[in-house]
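**Q** would you be able to build a 3D model of this:
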Amino acid sequence: MTHTPTGSAAPPSQTQSTPAPDPTRRRTAFAEGADRLRAAATTEPGRLRIIGAVLALLVVTFGTVTAWQTTLRSSAADDVLHKSQPLSSAAADIYRSLADANTAASSGFLAGGQETKASRDRYEEDIRTAAAKLITAANNSDPASPAAKTIAKLNRLLPEYKGLIERARANNRQGYPLGGAYLRYANDKMQNDMLPAAEDLYTSENERLRGDYDNATPYPWAAIALGVLALAALAWAQHRNYQRTNRVLNHGLVAATATTTVVLLWLVIGHTVARQGLNASYDHGVRSLNVLHDARIASLKARGNENLTLVSRGAETVEVKTGQFEDKFDVAFRASMDDLADRLDDARELADDATGEEPVQAATGNMEEWRSRHAEARGADDAGDYQAALDKIIGSKDDKPTRECFDSVDSNLRAALAHEENEFKESAGDGLDAMTGLSVGAAVLAVLGAAGAVLGIGRRLSEYR
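**A** The predicted model follows:
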């Protein structure tokens, strides 16, 4: 039996040892850089170099973020003025043109076998306008968006509607009662398919406009925070320089502070002015435009239903109370007139000057006269005097027809829309102009500020050489 002597070394297999570090092994670049940075921080020149690099980085980052955020907001403001709002108005024009074409078609039908040239021309003009506006909307919508699908649907339905109207006219010229059926079928297609689709397009474009406002108006807080941080760092660096040299000013650091201050003030003041202009364009432009578009649409619906009341001659009724039935189109007429009255009240409250309020007030008077004349026409029709009712709806000036009231309402609403459109463009244009040049100016001044910071620190470094 073998014994291990006391105090002798253990066998190699039982010895635990840590390998000695290899002096030839290269450290990572990050570790070496960290060591150099720590070593540099122990000397004043090294600390100055670090301070200069940090100041330059802060100023350049501030300028970069400012340019980025203001570019996004400026682009959104430009879309508000030149894209989304015009498209919203175009969508409203599509609805108006389709509804007015439907009204013109029913008016021509009521005129008998020989419809007037004015009625025919109005119908054709409305169809051309709707087709042109659909092309414009298609060119400015994303291919896979819901708006593009709605536009495609309207482009498909428009020829179908025109075909039904032509069949109604052909039968009407020959005195066939089938013409009225075709006209009601065309009206159903317009009311149930085309106008709801046009309204969806109008709604989606309004949402797109609201989204552009939401992108254009928020304050650029990230850029503002970086600007304040950069100014604080520059102030600290100058205070440190004063404590060590007893010199009040360092020209490079003063230049960097000045450029950073200019950019920060430009950013805050410019965006505040832009925000005020854009908010004004929405509150005193877009809101009024939306209400006036809705009022115009309500008046068109009312006129179309009024005409169809005579076309249908009571063929279609709806139950308004238990066991009480009334003409379907006359019920719809009254609902549209109530909607028109509400929209005109809203438009009058939103009007912020006499130029905008006067046409709305005039349209309200036209609407009240329209209701009065319509009641007379319904009274004649209910008494069995269809011709008298027809004269009071589409007759000559001597008959004081409701057609005059509708035309006056539409004319006054068109004047109010033109005024509000100008107010929108002026305010939105002011908002966009307030941000003009800010992105480029911020970038250039930031580079100059960073150069000033580096030169200012470099001046101090030269004193150690």
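
**Q** so what's Thr245 closest to, chain neighbours aside?
**A** Arg460 (7.5 Å; C-beta to C-beta, 6 or more residues apart in numbering). All C-beta spots, glycine's among them, are computed from the backbone N, C-alpha and C.

**Q** show me what the host helix or strand of that neighbour packs onto, helices and strands only.
**A** In this structure, Arg460 is located in helix 438-462 according to DSSP states H and E. Contacts defined by 3 or more C-beta pairs under 8 Å, 6 or more residues apart in numbering; DSSP states H and E place helix 438-462 against helix 44-79, helix 221-245, helix 251-281.

**Q** one more time with 6 Å
**A** Contacts defined by 3 or more C-beta pairs under 6 Å, 6 or more residues apart in numbering; DSSP states H and E place helix 438-462 against helix 44-79, helix 251-281.

**Q** quick one: mean pLDDT for it?
**A** Averaging pLDDT along helix 438-462 yields 86.

**Q** now it: buried residues?
**A** 438-439, 441-443, 445-457, 460 (16 or more other C-beta atoms under 10 Å).

**Q** next, the angle helix 221-245 makes with that helix.
**A** 20 degrees (axes from the mean of the first three to the mean of the last three C-alpha atoms, to 10 degrees).

**Q** now the residue nearest to the spatial centre of the chain: closest residue in space that isn't a chain neighbour?
**A** By C-alpha atoms, centre = their mean, the chain has its centre lying nearest to Leu209, at 1.1 Å. Nearest residue to Leu209 in three dimensions, chain neighbours excluded: Ser84, at 4.1 Å (C-beta to C-beta, 6+ apart).

**Q** and that neighbour, what does it touch?
**A** By C-beta atoms under 6 Å, 6 or more residues apart in numbering, the contact list for Ser84 reads 208-209, 212.

**Q** now, which of those lie within helices?
**A** Those of those mapping onto helices are 208-209, 212, per DSSP state H.

**Q** in TSV: those, plus distance to Ile394.
**A** Output for the ones in helices among the contacts of Ser84, formatted as TSV (distance: C-beta to C-beta, whole Å):
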residue	distance to Ile394
Arg208	39
Leu209	37
Asp212	43
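
**Q** what strand or helix carries Leu164?
**A** Going by DSSP H and E, Leu164 is in helix 146-173.

**Q** so which elements touch that helix?
**A** Contacts defined by 3+ C-beta pairs under 6 Å, 6+ apart place helix 146-173 against helix 117-139, helix 178-189, helix 195-216.

**Q** next, the angle from it to helix 117-139.
**A** Using the same axes, to 10 degrees: helix 146-173 against helix 117-139 is 160 degrees.

**Q** check the offset of helix 146-173 from the chain's centre.
**A** Centroid separation for helix 146-173 versus its chain: 29 Å, with C-alpha atoms, centre = their mean, to the nearest Å.

**Q** before we move on, back to that, for Asp78, find the nearest of the helices and strands packed on helix 146-173.
**A** Of all these, it is helix 195-216 that lies closest to Asp78, at 8.6 Å by C-beta to C-beta.

**Q** mind checking the SS state of the residue nearest to Leu209?
**A** Under DSSP: H, G, I helix; E, B strand; the rest coil, Ser84 falls in the helix class.

**Q** and the gap between it and Ala148?
**A** Using C-beta to C-beta, to the nearest Å, we find Ser84 at a distance of 15 Å from Ala148.

**Q** low-confidence ranges in the stretch 151-300 of the chain?
**A** For the stretch 151-300 of the chain, the stretches with pLDDT under 70 are 246-248.

**Q** quick check: His374 touching Thr402?
**A** Yes. Using C-beta atoms under 6 Å, His374 makes contact with Thr402 at a distance of 5.4 Å.

**Q** just to revisit the earlier point, distance of the residue nearest to Leu209 from Ala76?
**A** Distance from Ser84 to Ala76, counting by C-beta to C-beta: 9 Å.

**Q** just Trp68 next, same as before
**A** 13 Å.

**Q** the more surrounded of the two?
**A** Using other C-beta atoms under 10 Å, the more surrounded residue of Trp68 and Ala76 is Ala76, with 21 against 16.

**Q** who are the neighbours in contact with the more buried one?
**A** 212, 215-216.

**Q** got a quick PyMOL command for the buried subset of those?
**A** PyMOL command restricting these to the buried ones, with burial defined by 16+ other C-beta under 10 Å:
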select buried, resi 212+216
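
**Q** which one of the contacts of Ala76 is nearest to Arg122?
**A** Asp212 (34.2 Å).

**Q** contact partners for that closest one?
**A** If you count contacts by C-beta under 6 Å, 6+ apart, Asp212 has them with 76, 79-80, 84.

**Q** distance of it from Leu432?
**A** Plainly put, Asp212 is 12 Å away from Leu432 if you go by C-beta to C-beta.

**Q** what's the answer for Ala354, then?
**A** 28 Å.

**Q** so between those two, which is more surrounded?
**A** Leu432 (23 against 8).

**Q** so who does the more buried one touch?
**A** 77-78, 81.

**Q** give me the buried entries from those residues.
**A** In those, the ones that pass as buried (16+ other C-beta under 10 Å) are 77-78, 81.

**Q** picking that back up, which of the contacts of Ala76 sits closest to Ala90?
**A** Distances from Ala90 to the contacts of Ala76, taken by C-beta to C-beta, are shortest for Asp212, at 15.1 Å.

**Q** Provide a list of residues in contact with the residue nearest to Val60 when sequence neighbours are not counted.
**A** Residue nearest to Val60 in three dimensions, not counting chain neighbours: Ala450, with 4.7 Å by C-beta to C-beta, 6+ apart. For Ala450, the contact set (C-beta under 6 Å, 6+ apart) comprises 56, 59-60.

**Q** between the helix or strand hosting Asn290 and helix 146-173, how big is the angle?
**A** According to DSSP H and E, Asn290 maps onto helix 287-312. Angle, helix 287-312 to helix 146-173, by the same axes, to 10 degrees: 30 degrees.

**Q** buried ones in stretch 240-251?
**A** Within stretch 240-251, the residues scored as buried using 16+ other C-beta under 10 Å are 241, 250.

**Q** which other residues reach that stretch?
**A** Counting by C-beta under 6 Å, 6+ apart, Gly456 sit against stretch 240-251.

**Q** just give me how far that stretch sits from the chain centre.
**A** 52 Å.

**Q** A helix includes Val318, no?
**A** No. Under three-state DSSP, Val318 sits outside any helix and is assigned strand.

**Q** right, and it touches Asp327 too?
**A** No. With contact defined as C-beta under 6 Å, Val318 does not reach Asp327; the gap is 8.1 Å.

**Q** out of the two, which sits in the busier spot?
**A** Comparing Val318 with Asp327 by neighbour count (other C-beta under 10 Å), the higher total belongs to Asp327, at 22 against 13.

**Q** can you pull the contacts of Gly356?
**A** Contacts of Gly356 (C-beta under 6 Å, 6+ apart): His419.

**Q** quick one, the strand or helix carrying it and helix 287-312 angle?
**A** Using DSSP H and E, the element containing Gly356 is helix 354-382. For helix 354-382 against helix 287-312, the angle by the same axes, to 10 degrees is 10 degrees.
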